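Trainee: Turn this into a model:
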Amino acid sequence: MTAFVAITQVTVKQTMRLRRFIGLGLLSLSAAATFVLASLSPGQTSNNAFELFLGITVGTFMNILVPVVTLITATSVMGDERRDNTMSFLVLRPVSRVTIATAKVTAAFLEAFALSGLGAIGLGIVGAVEMSDWAYFVPLLVGTAIATAAYAAVFVPLGYLAKRATLIGLTYLFIWENCIAGAVSAVAGISPWRIGVSGMAGLAPARFVLELPDFAIGSLTPGTGGAIAKVLVLMALSVGVLTAILLRRDLAS
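Mentor: Below is the predicted model of the structure:
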């Protein structure tokens, strides 16, 4: 077993506690539950079902649930190490700092996507059944993975650098993401959930792109390849920042 795989596995086991998994899993599935309850209203049609699916996907799931679930999960990956004073045991091992950083970011993504992906599957299934159209299921799952990876890249270093990482992260989400980036389309390109929506739009039927509200994508161009490229850059930057932090810790020691 390589050091990368071992660190990733240990990190997931340490931070993905059963109570947290159940709580965040239910939170992620709440979008599907909301869709089911709303679709039970009288006079619901397939056209109304699409509008409902689009609204919940963009306005609730990608905009709120994916970021919050990833925030809570990703900030604990390095934050718990720092609070428990276990980071020293890790950096003293003969493992490159790049390997440690890459494993931590990977673990954060895998944990967060296990939860956000659960919500995407639930919303995708109930949406497909109600609309009688499965064309949005895979795009939703892919878009969720892209957004989750982007947020993991942002929140893992934050979890180590800040003591109140969750509070800072929530402030970032609700002020920057939903207020500033929503009002100024030019900065939407650095909004992780909007990058995820642009990736979803690259795979979804044309109707999805045509009916997207302006705030959901801003100046971004729909396209899965471009969204994945942006996320890979974010993850590389995250690994670079974490590597520098770990090297600095060695010098401080």
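Trainee: ok, and for the helix or strand where residue 243 lies, which residues are buried?
Mentor: In this structure, residue 243 is located in helix 224-252 according to DSSP states H and E. Using 16 or more other C-beta atoms under 10 Å as the test for burial, helix 224-252 gives 224, 226-228, 230-231, 234-235, 238-239, 241-243, 245-246, 249. In this view, the C-beta of every residue, glycine as well, is placed from N, C-alpha and C.
Trainee: ok, how many other residues are close to residue 22?
Mentor: Using other C-beta atoms under 10 Å as the criterion, residue 22 is surrounded by 10 other residues.
Trainee: again with the one 3 residues further on
Mentor: Per other C-beta under 10 Å, the neighbour tally for residue 25 reads 17.
Trainee: Could you look up the SS state of it?
Mentor: helix (DSSP: H, G, I helix; E, B strand; the rest coil).
Trainee: residues contacting it?
Mentor: Under the criterion of C-beta atoms under 8 Å, 6 or more residues apart in numbering, the contact list for residue 25 reads 115, 118-119.
Trainee: I'd like the distance between the most centrally placed residue in the chain and residue 38.
Mentor: The C-alpha lying nearest the average C-alpha coordinate of the chain belongs to residue 148 (C-alpha atoms, centre = their mean; 1.9 Å). Taking C-beta to C-beta, to the nearest Å as the criterion, residue 148 is separated from residue 38 by 25 Å.
Trainee: Likewise for residue 221?
Mentor: Here residue 221 is placed at a distance of 31 Å from residue 38 (C-beta to C-beta).
Trainee: quick one, longest helix in the protein?
Mentor: Criterion DSSP state H: the longest helix present in the chain is helix 97-131.
Trainee: For that one, enumerate the helices and strands it packs against.
Mentor: Contact partners of helix 97-131 among helices and strands, from 3 or more C-beta pairs under 8 Å, 6 or more residues apart in numbering; DSSP states H and E: helix 3-15, helix 18-39, helix 46-56, helix 66-83, helix 87-91, helix 137-161, helix 224-252.
Trainee: rank the ones you listed by mean pLDDT and give me the bottom one.
Mentor: Of all these, helix 87-91 carries the lowest average pLDDT, namely a mean of 58.
Trainee: average model confidence for the longest helix of the chain?
Mentor: Helix 97-131 shows a mean pLDDT of 95 in the predicted model.
Trainee: Run the chain-centre distance for it.
Mentor: 7 Å (C-alpha atoms, centre = their mean, to the nearest Å).
Trainee: any idea of the angle it forms with helix 224-252?
Mentor: Here the directions of helix 97-131 and helix 224-252 differ by 150 degrees (axes from the mean of the first three to the mean of the last three C-alpha atoms, to 10 degrees).
Trainee: Please work out the angle formed by the directions of helix 97-131 and helix 3-15.
Mentor: Between the axis of helix 97-131 and that of helix 3-15 there is an angle of 60 degrees, by the same axes, to 10 degrees.
Trainee: Measure how helix 97-131 sits relative to helix 66-83, angle-wise.
Mentor: 150 degrees.
Trainee: Which residues belonging to helix 97-131 are considered buried?
Mentor: For helix 97-131, by 16+ other C-beta under 10 Å, it's 97, 99-124, 126-128, 130-131.
Trainee: Repeat that for stretch 4-21.
Mentor: By neighbour count with 16+ other C-beta under 10 Å, stretch 4-21 contains the buried residues 4, 7-8, 11-12, 15-16.
Trainee: cool, and stretch 136-154?
Mentor: Quick answer for stretch 136-154 (16+ other C-beta under 10 Å): 136-137, 139-154.
Trainee: Next: stretch 195-208.
Mentor: In stretch 195-208, residues buried by neighbour count (16+ other C-beta under 10 Å) are 195-204, 208.
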